[in-house]
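pasting the structure only:
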């Protein structure tokens, strides 16, 4: 976010990925083929992950997304939302918070359609530039260290946890 203090001075914010952790809680149901951050050069960095689904088709999915900010450990910050993903994908305007989070990955994922899911799930090359635009211009966040933790439920059983860490400076 850029704020003009006077005609000579500008302040800007910048987001950086710091880590990603993907955990399958039921490897008979789904497992991560890969989950990583890649720094191609100083300006092009991205996140990718692939989940192999072993029991398809999947017709009932819930997702819990919680945002944390580090204050002597990570503490809840602003959002903790659980949605029925199959219902939400039929009308993405039905939940503004989920819609904001969905906008982060809808263009880089094959999970941008309604249920059922009968294929592996991909999030390919979510770029730092796009995330930076979302968290500094679309909905500005204060400086600090953040964690977005998502829990993925199929048939009301928690199957996977994805934790994405980042810093806004």
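Cool, got the structure. Values in this document were obtained by computation on a predicted structure and should not be read as measured data.

who touches the closest residue to residue 44 other than its chain neighbours in this structure?
Nearest in space to residue 44, with sequence neighbours left out and distances taken as C-beta to C-beta, 6 or more residues apart in numbering, is residue 127 at 7.0 Å. Every C-beta, even on glycine, is put in place using the N, C-alpha and C of the backbone. Under the criterion of C-beta atoms under 8 Å, 6 or more residues apart in numbering, the contact partners of residue 127 comprise 44, 45, 46.

for residue 117, same thing?
53, 56, 57, 58, 61, 111.

one more time with 6 Å, if that's ok
residue 58 (C-beta atoms under 6 Å, 6 or more residues apart in numbering).

Kindly state the pLDDT recorded for it?
As summarised for this prediction, residue 117 has a pLDDT of 93.

bridging residues for it?
Residue 117 has the following beta-bridge partners by DSSP bridges: residue 58.

Which among the contacts of residue 127 count as buried?
For those, a neighbour count by 16 or more other C-beta atoms under 10 Å gives the buried set as 45, 46.

What is the lowest-pLDDT residue among the contacts of residue 127?
Within the set of these, pLDDT is lowest for residue 44 (80).

Which of the contacts of residue 127 sits closest to residue 36?
residue 46 (9.3 Å; C-beta to C-beta).

Would you enumerate the residues in contact with the closest one?
38, 125, 126, 127.

Show only the entries of those residues found in helices.
With helices identified by DSSP state H, none of the entries of these belong to them.
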